[in-house]
Structures are given as C-alpha cells and as structure tokens.
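Participant: I would like to see how this sequence folds:
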Amino acid sequence: MGRAAVIAGHERAVLGIGGVVLRYGQLYGPGTYYEAEPPAHPRIHVDAAAARTVALLEAPSGIVVLTEE
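Facilitator: Below is the predicted model:
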C-alpha cells in the first residue's frame with residue numbers, strides 16, 4: 001500500500017468518527033527546515049499553524065487546509 005493510500009485511509013477513519021482532518025502547507029519558522037526563508041506556496045508559519053489548529057479543536061467534522069492566505 002502506498003503512502004497516499006495510507007493517508008487517505010487515515011483521513012477516512014477520522015472523518016468516519018466525526019473528526020477533523022487538517023492538511024498543512026509547508027511549515028516554516030523556528031524549529032523547521034525552513035527557519036530562515038519561507039518555502040514556496042502552499043505554506044504556513046508554525047505559529048499561525050498552531051493558533052489555527054487550537055481554534056479548530058471544536059470544529060465540525062470535515063477537511064480543513066491550513067495555508068497562508
């Protein structure tokens with residue numbers, strides 16, 4: 001089974017129990033591979049990703065893509 005199939009299976013399982021699937025753009029900022037310079041889009045700063053993730057803890061079931069606007 002390939003990586004994409006495994007990820008799809010995990011996402012189906014999460015959605016099947018009413019959870020939220022978060023898909024992040026490339027993370028950048030302190031502690032990441034891209035500490036000094038942002039990567040190409042889609043991307044999101046680690047601080048923004050963390051803040052937006054906390055806000056989604058009570059979100060309705062679905063898929064959310066977190067990237068910079």
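Participant: please, where are all the strands along the chain?
Facilitator: Counting by DSSP state E, the chain has strands at residues 20-24, 26-28, 43-45, 62-66.
Participant: name the residues of the second one that are buried.
Facilitator: For strand 26-28, burial by neighbour count (16 or more other C-beta atoms under 10 Å) applies to Leu27, Tyr28. All C-beta atoms are positioned from the backbone trio N, CA, C, and that covers glycine.
Participant: kindly report the same for the first one.
Facilitator: Counting neighbours by 16+ other C-beta under 10 Å, one finds that the buried residues in strand 20-24 are Val20, Val21, Leu22, Tyr24.
Participant: contacts only, for the second one.
Facilitator: For Val21, the contacting residues are Glu11, Val14, Leu15, Gly62, Ile63, Val64, by C-beta atoms under 8 Å, 6 or more residues apart in numbering.
Participant: how many residues are close by the first one?
Facilitator: Pointing back at Glu11 there. Applying other C-beta atoms under 10 Å, we find 15 residues neighbouring Glu11.
Participant: for it, give its distance to Ile17.
Facilitator: Glu11 sits 12 Å away from Ile17, taking C-beta to C-beta, to the nearest Å as the criterion.
Participant: then Arg43?
Facilitator: In this view, Arg43 and Ile17 are 30 Å apart by C-beta to C-beta.
Participant: which of those two has more neighbours?
Facilitator: Just comparing Arg43 and Ile17: by other C-beta under 10 Å the higher neighbour count belongs to Arg43, 18 against 7.
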